[in-house]
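**Q** next input, structure requested:
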Amino acid sequence: MAPDPVAPRAFVGIGIAAATFTAAWAAAGGPVGAPRIYAQDPHGFTALQTALTTTAVAPADTLVVMEATGSPLNRSRRDPAPRKATASV
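**A** Numbers count the residues shown, from 1 in each chain. Reported below is the predicted structural model:
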């Protein structure tokens, strides 16, 4: 029998936009903190990593989920013409 996976001790949700990303996190069973907005650049990525160290939870015990908006597969509001696209995951 395979060992049971370890349950995450912290959860991070990240919403990706064109120039920024928004992150919010919580310790398991705790309240979700206020969302924070970061730049989509090395400074923003470093700022998020630094902020996550305040959780005192090891990265291996943290579950990160990302959601991307504005996919090129979606129709743009400025250009509503349908586009033919193929995606693979």
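**Q** burial count for Ala28?
**A** Residues contacting Ala28 under the criterion other C-beta atoms under 10 Å number 13. From N, CA and C alone the C-beta is placed, and that goes for glycine too.
**Q** and the residue nearest to it when sequence neighbours are not counted, what does it touch?
**A** What sits nearest to Ala28 in space, not counting adjacent residues and going by C-beta to C-beta, 6 or more residues apart in numbering, is Arg9, at 5.2 Å. Contacts for Arg9 (C-beta atoms under 8 Å, 6 or more residues apart in numbering) come out as Ala27, Ala28, Val57, Ala58, Asp61, Thr62.
**Q** look at the spatially most central residue of the chain and give its secondary structure.
**A** The centroid of the chain falls nearest to Ile14 when counting by C-alpha atoms, centre = their mean (2.2 Å). Following DSSP: H, G, I helix; E, B strand; the rest coil, the label given to Ile14 is strand.
**Q** hmm, back to that, closest to Phe21 among the contacts of Arg9?
**A** Thr62 (16.3 Å; C-beta to C-beta).
**Q** quick check: that closest one touching Gly13?
**A** No. Using C-beta atoms under 8 Å, Thr62 is not in contact with Gly13, being 11.5 Å away.
**Q** just to revisit the earlier point, what's opposite the residue nearest to the centre of the chain in the beta bridge?
**A** Ala23, Met66 (DSSP bridges).
**Q** wait, it touches Phe21, no?
**A** Yes. Judged on C-beta under 8 Å, Ile14 makes contact with Phe21 at a distance of 5.6 Å.
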